[in-house]
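[1] Got a predicted structure plus its sequence, pasted below:
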Amino acid sequence: MSKHIVINKSNGERSCGCFKRCGGCQLDKPYAEQLEWKQAKAERMLSRFCKVRPIISMEIPYNYRNKVQTVYKVNGSRRIISGIYQSSGHSMTATDDCFLEDENAQAIVKTLKELMVSFKILPYNPDSGQGLLKHTLIRVARSTGELMLVLVTASPIFPAKKNFVRAITQKHPCITTIVQNINKGNVPLTLGDRNIIMYGNGYITDELCGCRFKVSPHSFYQVNPIQTEKLYSEAIKAAGIKEGDRVIDAYCGTGTIGIIAAKNGADVAGVELNPAAVKDAVSNAKLNGLHNITFYNEDAGDFMIKLAGAGESCDTVFLDPPRAGTTEAFISSLSQLKPEKIVYVSCKLETLTRDLKLFTAAGYKAKFIQPVDMFPHTNHVETVVLLSREFAGTK
Ligand code: SAH
């Protein structure tokens, strides 16, 4: 397969020949210019609330993705090729050197293509319904070095399974677990419900900010662990957590931020809509030996309204909503819950701006705004905002 990455010898910057076709990256410019672009956008949208701090960058803005999803197909010369699935174009961009992906994962994908030939495993063809392998998902725990390979197949029958596992693990001893996921559906890059563990214990464990997190094939987990650690540290520092603080972690996913706060001594309630994420959050709390955190499986806005209705109060609220941001119901609950501090972790500037206006109207003032570059080469801007209750008299 042709190589797409060109490295500029004078400054180490890389550019990718797939840029236009793939769509995974949106910023095709030197990293320093990407940071300037993101900073300017954050300032344009947020400086009316408070001064925007300089964006926290990555030292080496490449190969940061700890989650690598790869599709396979047989090309015109009957060779197995691999690449990235474009959600927009519904087709595959052939590449095996994407500079965002983990390098061990890329090496495993190369070996998988060779093994597919020797084991006579064909990529699944959605048009004919023939073939076995729909895609692979590789997840890496950067801090522990554990690595999970998920083989997503159209049927549960995997020929010469034991020999296949032996061959791939011999070549890549970094693989700590292999899971076969059966997906009979036809939505690309999704997982089916059934997992068959082929090797190891079926999950990996990573560490962030001194806490351990279990990552299974289906778990949500941030894809850039280096920057995630910086993001969470900023959020926890902003909250200034003290022993015994009553904290809500809203939109908590697998419990990461709340667990770190609980480890710092807070009494935490985490709320999350996705039941699978809540299950992971509960086992993550156990993994960290924490008894001062409880998780609730419901809509974050409904939960806050209920708490407010029950006359509860709290010291700090973390919220890390999806791109759509939070809701008016969530924000209106604050007039009763009266947290002194709100730490908003946002992945979209437009909804953050909209919500900050509502928080301001509810009596909160932005004290600091810290952008973090979680996804170099893309146009996404992640931001931590600390809001503090303005009027002592409103307590
Ligand atoms: N804080 C976590 C997860 C952030 S992603 C982390 O850093 O890993 C946003 C989370 O919000 C997702 O897990 C999603 O399932 C959840 N979510 C989406 N809508 C929600 C709602 N209405 N109520 C509660 N959680 C919701």
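    Nice, I can see it. Note that this is a predicted model, so its numbers are computed, not measured.
[2] What residues does the stretch 201-350 of the chain have near the ligand?
    Within the stretch 201-350 of the chain, the positions near the ligand by C-beta under 6 Å from any ligand atom are 220, 222, 251-253, 256-257, 271-274, 277, 299-300, 320-322. In this view, the C-beta of every residue, glycine as well, is placed from N, C-alpha and C.
[3] The same query, at a cut-off of 8 Å, please.
    Within the stretch 201-350 of the chain, the residues that sit near the ligand (C-beta under 8 Å from any ligand atom) are 220-222, 228, 231-232, 249-257, 271-274, 277, 298-303, 318, 320-322, 324, 327, 345, 347.
[4] and the residues you listed, which are buried?
    221-222, 228, 231-232, 249-257, 271-274, 277, 299-303, 318, 320-321, 327, 345, 347 (16 or more other C-beta atoms under 10 Å).
[5] Mark which of the residues you listed are part of helices, please.
    Of those, the ones assigned to helices by DSSP state H are 228, 231, 232, 256, 257, 277, 300, 301, 302, 303.
[6] and the end-to-end length of stretch 186-202?
    Stretch 186-202 has an end-to-end distance of 24 Å (criterion: C-alpha to C-alpha, to the nearest Å).
[7] Same check on stretch 282-298?
    First-to-last residue span, stretch 282-298, C-alpha to C-alpha: 14 Å.
[8] residues in contact with it?
    205, 211-214, 252, 254-256, 258-259, 262-263, 265-273, 275, 278, 281, 303 (C-beta atoms under 8 Å, 6 or more residues apart in numbering).
[9] quick one: contacts for the residue in the stretch 151-300 of the chain positioned nearest to the ligand?
    Proximity to the ligand, evaluated over the stretch 151-300 of the chain using C-beta to the nearest ligand atom, is greatest for residue 253 at 2.6 Å. Each residue near residue 253 by C-beta under 8 Å, 6+ apart is listed here: 220, 272, 274, 277, 281, 320.
[10] before we move on, what about residue 19?
    Contacts for residue 19 (C-beta under 8 Å, 6+ apart) come out as 25, 28.
[11] What of the one 3 residues further on?
    Applying C-beta under 8 Å, 6+ apart, we find residue 22 in contact with 16, 84, 86, 93, 95, 98.
[12] what's the most distant pair in those residues?
    With C-beta to C-beta as the measure, no two of the contacts of residue 22 lie farther apart than 16 and 86, at 14.1 Å.
[13] and these two? which has more neighbours close in?
    A count of neighbours by other C-beta atoms under 10 Å puts residue 16 above the other of residue 16 and residue 86, at 20 against 16.
[14] Test my guess that the more buried one contacts residue 3.
    No: Residue 16 lies out of contact with residue 3 (C-beta atoms under 8 Å); the separation is 10.1 Å.
[15] Skip the chain neighbours and tell me the closest residue to residue 113.
    residue 80 (4.8 Å; C-beta to C-beta, 6 or more residues apart in numbering).
[16] Surely that neighbour touches residue 119?
    No: using C-beta under 8 Å, residue 80 is not in contact with residue 119, being 11.4 Å away.
[17] Just to be sure, residue 207 is in a strand?
    Yes: judged by DSSP: H, G, I helix; E, B strand; the rest coil, residue 207 forms part of a strand.
[18] picking that back up, min pLDDT across the ones in helices among the buried ones among the residues of the stretch 201-350 of the chain next to the ligand, which one?
    Lowest pLDDT within those is found at residue 277 (90).
[19] how about that one, what does it touch?
    Residues in contact with residue 277 (C-beta under 8 Å, 6+ apart) are 219, 220, 252, 253, 254.
[20] can you name the two of the residues you listed that are farthest apart?
    The widest separation within those (C-beta to C-beta) is 13.0 Å, between 219 and 252.
[21] Touching, residue 92 and residue 75? I think so.
    No: contact criterion C-beta under 8 Å: residue 92 and residue 75 do not qualify, at 10.3 Å.
[22] Neighbour count: these two, which is higher?
    residue 92 (20 against 10).
[23] helix, strand or coil for the more buried one?
    Following three-state DSSP, the label given to residue 92 is strand.
[24] Tell me what the spatially closest residue to it that is not a sequence neighbour is bridged to.
    What sits nearest to residue 92 in space, not counting adjacent residues and going by C-beta to C-beta, 6+ apart, is residue 83, at 4.4 Å. Note on residue 83: beta-bridge partners by DSSP bridges are residue 71, residue 94.
[25] Contact partners for residue 83?
    Each residue near residue 83 by C-beta under 8 Å, 6+ apart is listed here: 70, 71, 73, 92, 93, 94, 95, 96.
[26] cutoff 10 Å now
    Listed by C-beta atoms under 10 Å, 6 or more residues apart in numbering, the contact partners of residue 83 are 1, 18, 21-22, 70-73, 91-96, 98, 109.
[27] now swap in residue 385 and tell me
    Contacts of residue 385 by C-beta under 10 Å, 6+ apart are 46, 49-50, 52, 235, 238, 319, 342-346, 352, 355-356, 359, 364, 366-371.
[28] pretty sure it is in a strand, no?
    Yes: under three-state DSSP, residue 385 falls within a strand.
[29] can you pull the pLDDT of it?
    Note for residue 385: predicted pLDDT of 98.
[30] Not counting residues beside it along the chain, what's closest to it?
    residue 344 (4.5 Å).
[31] Could you verify my assumption that that neighbour touches residue 386?
    Yes: contact criterion C-beta atoms under 10 Å: residue 344 and residue 386 qualify, at 8.1 Å.
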